[in-house]
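> my questions concern the predicted model and sequence given below.
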Amino acid sequence: MTVELNWLSATELTRMIRAGELSAREALEAHWNRIDEVNPTLNAVIFQDRDSAWAQALAADERQAAGGELGLLHGIPLTNKDTNETAGMPNTWGSPLLQDVVPAEDSLIVGRMRAAGAVLTGKSNVPEFAAGAHTYNSLFGTTVNPYDPSRSAGGSSGGAAAAIAAGIQAVGDGSDMGGSLRIPAAFCNLLGLRPSLGRIPSPGANSWMWLGRTGPLAREVTDLALMMTVLSGPDPRVPTSIPESGRDFRVGLAGGVAGLRIGWAPDLGLGIPVEPEVVRVARQALAVFAEAGAVVEEAAPDLSEADAVFRQTRAFDYEFGWGELVRAHPDQVKPEVRENVALGTSQTRAEIHELTRARTRLEARTREYFERFDLWLTPTAQTLPFPAEENWPTRVADQTMGDYLDWMRSVCVVSAMGVPALSLPAGFSRSGLPVGVQLVAPHGGDALLLRAAYAYEQRTRWARVPPRLGAIEPVQR
């Protein structure tokens with residue numbers, strides 16, 4: 001029974017608990033058993049609070065027995081990303097400088113999961129300061145891929161993605177500035193949704209920050225829609241919040257894609273290098289949408305300024321968030337983070353003015369594109385999951401990468417567009433590694449993304465292909 005529980009969707013798992021076919025404590029027991037079985041190989045979960053989790057599960061069962069109100073995630077065990085504050089648990093961001101930080105309150109995304117009845121059990125691994133799409137740090141080491149433990153699980157939500165793909169939990173929380181939900185989803189055969197700005201607000205020191213988003217990961221579209229239903233809604237602390245409360249994203253999933261206009265660009269219209277094997281699998285996904293009735297055409301928006309908008313905005317955000325800490329302890333921070341902060345520090349008034357103008361032009365070109373097309377489809381990652389001992393791929397499609405952002409331009413430029421994007425499983429390479437494609441929609445198009453992904457999922461079921469985990473030696477750094 002335990003193995004079966006580990007592969008149930010969150011929707012089915014909570015249905016069973018509500019029906020009395022299973023207790024929250026039994027679901028939690030299966031969660032712990034799977035962590036014990038696979039986490040020594042994966043290094044996905046880096047902190048566990050079994051006492052607190054057991055108390056939460058017991059309280060969930062007692063609430064149900066007493067006829068109390070049950071949330072949409074009632075009894076679902078899950079860990080939280082180590083960048084999303086969970087009250088009473090360490091919140092290290094993968095940095096030795098923050099290893100003693102224990103928040104007293106939940107972040108908004110975690111608080112909404114807790115309020116919906118989730119049983120919060122621990123934390124999942126991230127890169128240092130969530131920088132880079134490969135999950136490794138000096139505190140906890142490297143998280144590896146359930147489909148091939150010699151390979152990267154992606155990042156920065158790599159710990160969460162590996163945990164979900166390996167059957168530790170059905171769903172999870174993540175965040176995405178430059179692909180941190182989408183690349184782990186692509187590498188681990190999952191769905192990862194970067195929502196519209198303000199759909200899931202992120203209160204913080206800069207309430208106007210627009211590049212980074214929080215969002216969900218899941219194995220099935222129905223679970224992604226469930227998580228969006230739980231997590232979405234305005235917050236008065238965030239002025240960019242979408243003023244829409246109580247929306248059920250599970251409604252309308254079966255609407256299909258017939259007649260939708262989908263643009264396709266294997267190189268994103270910028271000549272971005274993408275491995276041929278990734279493009280081959282992505283083209284198969286394109287054919288599925290066409291067979292389902294979508295009208296597909298090769299076309300890309302004008303993203304000529306997207307790289308600059310992304311890099312300069314990211315640098316500003318890193319300097320704003322971490323500048324003081326990094327300057328005080330430069331020898332305890334990895335080079336990529338120091339470089340981002342240094343770039344943010346050096347920005348002149350003229351550069352910030354031009355960044356604002358460039359972003360406005362990019363927004364206008366994006367809007368013009370989505371007047372012609374309903375959705376845009378591209379490969380998610382430019383390469384297959386790479387060896388886990390590498391910090392990042394230095395060559396992609398026989399081209400040298402200038403830095404750690406070059407190999408992930410396919411997601412970074414989409415982030416710069418400011419719109420929602422969803423990575424979904426597209427199949428496997430000839431060597432058995434997962435490949436993902438990203439669907440991109442105009443602002444507010446989160447439900448459309450879910451609907452299109454559901455139509456695709458009904459015809460492919462790629463996420464139903466589980467990994468075959470075997471023990472390996474930990475990655476040495």
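Yes, it's here.
> tell me, how many residues neighbour the nearest residue to Pro276 once chain neighbours are set aside?
In space, and not counting its chain neighbours, Pro276 is closest to Ala397: 6.9 Å by C-beta to C-beta, 6 or more residues apart in numbering. (Each C-beta comes from the backbone N, C-alpha and C, glycine too.) Applying other C-beta atoms under 10 Å, we find 15 residues neighbouring Ala397.
> surely Ala397 meets Glu277?
No: at 9.8 Å, Ala397 does not count as touching Glu277 under the criterion of C-beta atoms under 8 Å.
> how many neighbours does Arg250 have?
By other C-beta under 10 Å, 19 other residues sit near Arg250.
> tell me the pLDDT at it?
You'll see Arg250 listed with a pLDDT of 98.
> likewise Ala166?
97.
> show me what contacts it?
34, 38, 42, 44, 146, 467, 469 (C-beta atoms under 8 Å, 6 or more residues apart in numbering).
> with adjacent residues omitted, what lies nearest to it?
Here the residue nearest Ala166, using C-beta to C-beta, 6+ apart, is Pro146, at 4.2 Å.
> same check on Arg112?
Leu231 (5.3 Å).
> residues contacting the spatially most central residue of the chain?
Nearest residue to the geometric centre of the chain (C-alpha atoms, centre = their mean): Leu181, 1.8 Å. Listed by C-beta under 8 Å, 6+ apart, the contact set of Leu181 reads 157, 174-175, 192-194, 213, 215-217, 423.
> please apply the same query to Ser431.
Counted by C-beta under 8 Å, 6+ apart, Ser431 has contacts Leu384.
> Ile352 now?
By C-beta under 8 Å, 6+ apart, the residues touching Ile352 are Phe316.
> low pLDDT regions in the stretch 201-350 of the chain?
Along the stretch 201-350 of the chain, segments meeting pLDDT under 70 are nowhere present.
> contacting residues around Met455?
If you look again at residue 455, you'll see it is Ala, not Met. Contacts of Ala455 (C-beta under 8 Å, 6+ apart): 254-257, 289, 292.
> which residue packs closest to it, ignoring adjacent ones?
Distance criterion C-beta to C-beta, 6+ apart; nearest residue to Ala455, sequence neighbours excluded, is Val257 at 4.7 Å.
> and for that neighbour, the neighbour number?
24.
> contacting residues for it?
Val257 neighbours (C-beta under 8 Å, 6+ apart): 289, 292-294, 451-452, 455-456.
> what does Trp7 give?
If you count contacts by C-beta under 8 Å, 6+ apart, Trp7 has them with 167, 466.
> cool, and Val341?
Here Val341 is in contact with 315, 318-319, 322-323, 326-327 (C-beta under 8 Å, 6+ apart).
> let's go with 7 Å and repeat that
Contacts for Val341 (C-beta atoms under 7 Å, 6 or more residues apart in numbering) come out as 318-319, 322-323, 326.
> what strand or helix carries it?
Secondary structure from DSSP states H and E places Val341 in helix 335-346.
> which parts of the helix or strand following that helix are buried?
Per DSSP H and E, the first helix or strand lying C-terminal to helix 335-346 is helix 349-372. Across helix 349-372, burial judged by 16 or more other C-beta atoms under 10 Å covers 355, 358-359, 362-363, 365-366, 369-370.
> so what does the helix or strand following helix 349-372 touch, helix or strand wise?
Following helix 349-372 in sequence order, the next helix or strand is strand 375-379 (DSSP H and E). Using 3 or more C-beta pairs under 7 Å, 6 or more residues apart in numbering; DSSP states H and E as the contact test, the elements touching strand 375-379 are strand 261-264, helix 276-291, strand 434-440.
> export those to a markdown table and append columns for distance to Leu72.
Converted to a markdown table, these look like this (distance: least, C-beta to C-beta, whole Å):
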| stretch | distance to Leu72 |
| --- | --- |
| strand 261-264 | 31 |
| helix 276-291 | 30 |
| strand 434-440 | 24 |
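> can you tell me which of these is most buried?
strand 434-440 (a mean of 28; mean count of other C-beta atoms under 10 Å).
> which residues are in contact with it?
Contacts of strand 434-440 (C-beta under 7 Å, 6+ apart): 147, 182, 185-189, 278, 281-282, 285, 375-381, 384, 411, 414, 419, 421-429, 449, 452-453.
> mind listing which of these are in strands?
Among the contacts of strand 434-440, DSSP state E puts 375-379, 421-428 in strands.
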